[in-house]
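**Student:** Pasting the sequence and the predicted model now:
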Amino acid sequence: MQSPYRVLIAKPGLDGHDRGAKVVARALRDAGFEVIYTGLHQTPQMVVEAAVQEDVDIVGLSILSGAHVPLVSAVQEIFKTRKIDKPIFVGGIIPPDDAKLLRTQGVAAVFGPGASTQEIVSEIHRVIEKSASHQA
């Protein structure tokens, strides 16, 4: 039997609103994922350290501060420097142009306020399966 997929949910930056992150974490947990929630005010370095220490399959960043592009880029840069290959998904209030930019920069999925937990769970499962098949 395969062990549950491990998901890190992180709140990078100074944003203090984590209700959405907690809702997504609960939905993923209820769907059988093992979820690690880092809490508020994480630096990109702290996010990467937690991802490595917890050996997660995917990293979710919840960002409502408007700093989604630089924060995601910082996490991606640390991953690249450390030769870590983990998919990233992002949730928050992200304008369509920024969501498109994030996807072109390699973000696996971007979820806005209208995304259902069912949609998020389904997409995260798909992303992890795709990532696992590429690494095999």
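**Tutor:** Yep, it's here.

**Student:** Leu61 reaches Val90, doesn't it?
**Tutor:** Yes. Counting by CB atoms under 8 Å, Val90 is a contact partner of Leu61 at 5.0 Å. (Each C-beta comes from the backbone N, C-alpha and C, glycine too.)

**Student:** partners of the residue most central in space within the chain in the sheet?
**Tutor:** For the chain, the residue nearest the mean C-alpha position is Gly60 (1.2 Å; CA atoms, centre = their mean). When assigned by DSSP bridges, Gly60 has beta-bridge partners Ile9, Phe89.

**Student:** got the residue ranges for the helices in the protein?
**Tutor:** 19-30, 44-54, 68-81, 96-104, 117-135 (DSSP state H).

**Student:** Residues in contact with the fourth one: which ones?
**Tutor:** I take that to be helix 96-104. Contacts to helix 96-104, defined as CB atoms under 8 Å, 6 or more residues apart in numbering, come from residues His68, Val69, Val72, Val90, Ile94, Val110, Gly112.

**Student:** how many neighbours does the first one have?
**Tutor:** To tie it back to what came earlier, the one meant is His68. By the criterion of other CB atoms under 10 Å, His68 has 27 neighbours.

**Student:** contacting residues for it?
**Tutor:** Leu61, Val90, Gly92, Ile94, Asp98, Leu102.

**Student:** Residues that sit against both of Leu61 and Val90, list them.
**Tutor:** Contacts common to Leu61 and Val90, judged by CB under 8 Å, 6+ apart, are His68, Val72.

**Student:** where does Val56 sit relative to Gln45, distance-wise?
**Tutor:** Val56 sits at a distance of 16 Å from Gln45 (criterion: CB to CB, to the nearest Å).

**Student:** do Ala99 as well
**Tutor:** Counting by CB to CB, the gap from Ala99 to Gln45 is 25 Å.
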